[in-house]
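> here's a sequence, model it:
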Amino acid sequence: MAELVSLDGIKKACDVLYSNPDIIQTPLLCHVQNMFPKIDQDVDLYLKLENMQTTGSFKIRGVTNQMEHLPPEVRDGSGEAVTFSAGNYGKAFAYCMSKKGLKGLVLMPHTAPDDRVDMINSFGLEARKVPSHEIYEHVKKCVADGYILLHSFDDVNLVTGYGSIAMEILKVVPDPDVVAVCCGGGGLVAGVAAGLKLSGCKDCRVYAVEPTGAPTLYESFKAGHAVTIPGVKSVATGLMPPCAGEIPYKICKQYLEEVLLVSDEEMVESMKILYDRGLKVEPAGSAAFTALAQGRIKDVKGKKVVIVVTGGNITPPELAKLIG
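Sure thing, here's the model as predicted:
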């Protein structure tokens with residue numbers, strides 16, 4: 001899979017990211033199993049806190065690297081970019097584009113909260129809500145009208161940017177046994193898995209975790225190719241694109257141990273557990289922790305288990321509505 005992602009590519013992405021003052025090398029909490037009574041105390045637990053990243057999620061890592069490889073017509077302002085996002089990618093995209101003084105259009109599903117729309121607009125980009133099941137048709141129409149598509153997950157520059165998380169994990173835990181990562185379009189878990197495996201962690205088991213209502217990578221693994229699932233639905237809006245990315249699927253197929261599923265109710269329970277320990281985490285951000293807490297990850301006794309907590313973009317009213 002060298003033609004898609006390489007260790008050299010990930011290291012170059014790290015150079016790009018760490019030369020940018022907006023990128024934070026987020027904390028990795030070590031040996032924290034005793035914080036969570038529901039977790040098997042024989043597990044050596046680590047939490048990688050991407051909810052503390054700039055713009056509130058891991059997305060800015062990939063977007064910063066994506067910005068380094070902008071098409072010339074977008075970079076010079078002669079053309080306008082279009083993308084699509086339920087929130088976190090759109091926020092990071094708008095933030096990075098505005099820093100460059102560039103304009104763009106972010107198509108959002110009609111279910112996206114209005115505050116996400118307002119936030120993207122505040123960066124000087126246009127956010128436009130469309131019916132969720134029509135979002136790809138709107139993307140195609142925009143491209144036909146002259147917009148340049150910057151994909152929100154099926155992009156190798158995003159994947160290599162996300163690989164920086166693996167590099168940071170390995171600085172602290174050079175020999176993890178298990179790493180669990182949430183999965184929407186698959187770009188994040190593809191980057192983390194590639195970074196770990198290409199760095200020599202051949203025996204590390206990397207798991208993707210999806211909602212039961214949006215199991216696109218799970219079904220892709222069963223089908224043997226990236227699939228589309230109409231009508232995906234989950235409280236974890238960041239994990240419910242209607243398809244798995246072609247590029248992430250190919251990388252995940254090579255490096256992942258398994259795709260695990262968790263329910264909305266289980267993710268909300270994990271949000272409350274994390275909140276009670278001082279961590280504000282959105283539903284999507286709690287997915288990997290949920291897989292461990294619910295016993296979905298097997299053979300963890302005595303193992304070094306790293307959970308990537310991916311985002312904390314949730315307002316106090318939204319949080320109160322979910323966890324009370």
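> what is the burial count for the residue nearest to Ala284 when sequence neighbours are not counted?
Counting by CB to CB, 6 or more residues apart in numbering, Ala284 lies nearest to Gly238, which is 3.6 Å off, once chain neighbours are set aside. For the C-beta atoms, the positions are set from N, CA and C on the backbone; glycine is no exception. By other CB atoms under 10 Å, 26 other residues sit near Gly238.
> tell me if I am right that Gly238 is in a strand.
No - read with DSSP: H, G, I helix; E, B strand; the rest coil, Gly238 is helix and lies in no strand.
> tell me who's in contact with it.
When contacts are counted by CB atoms under 8 Å, 6 or more residues apart in numbering, Gly238 touches Ser57, Ala86, Gly87, Asn88, Cys182, Gly184, Glu282, Pro283, Ala284, Gly285, Thr310, Gly311.
> just checking, Phe289 touches Glu269?
No - using CB atoms under 8 Å, Phe289 makes no contact with Glu269, being 10.2 Å away.
> got the contact list for stretch 261-278?
35-36, 38, 209-213, 215, 218, 234-236, 280-284, 286-287, 289-291, 293-294, 296, 309, 319, 322-324.
> what's the weakest-modelled helix or strand in this protein?
Ranking every helix and strand in the chain by mean pLDDT, DSSP states H and E puts helix 114-122 at the bottom, with a mean of 90.
> elements contacting it?
If you count contacts as 3 or more CB pairs under 8 Å, 6 or more residues apart in numbering; DSSP states H and E, helix 114-122 packs onto helix 88-99, strand 104-109, strand 126-130.
> can you say which of these is nearest to Tyr147?
Ranking those by proximity to Tyr147 (CB to CB) places strand 104-109 first, at 6.5 Å.
> which strands and helices sit next to the closest one?
strand 81-84, helix 88-99, helix 114-122, strand 126-130, helix 135-144.
> low-confidence stretches in the stretch 1-150 of the chain?
1-2 (pLDDT under 70).
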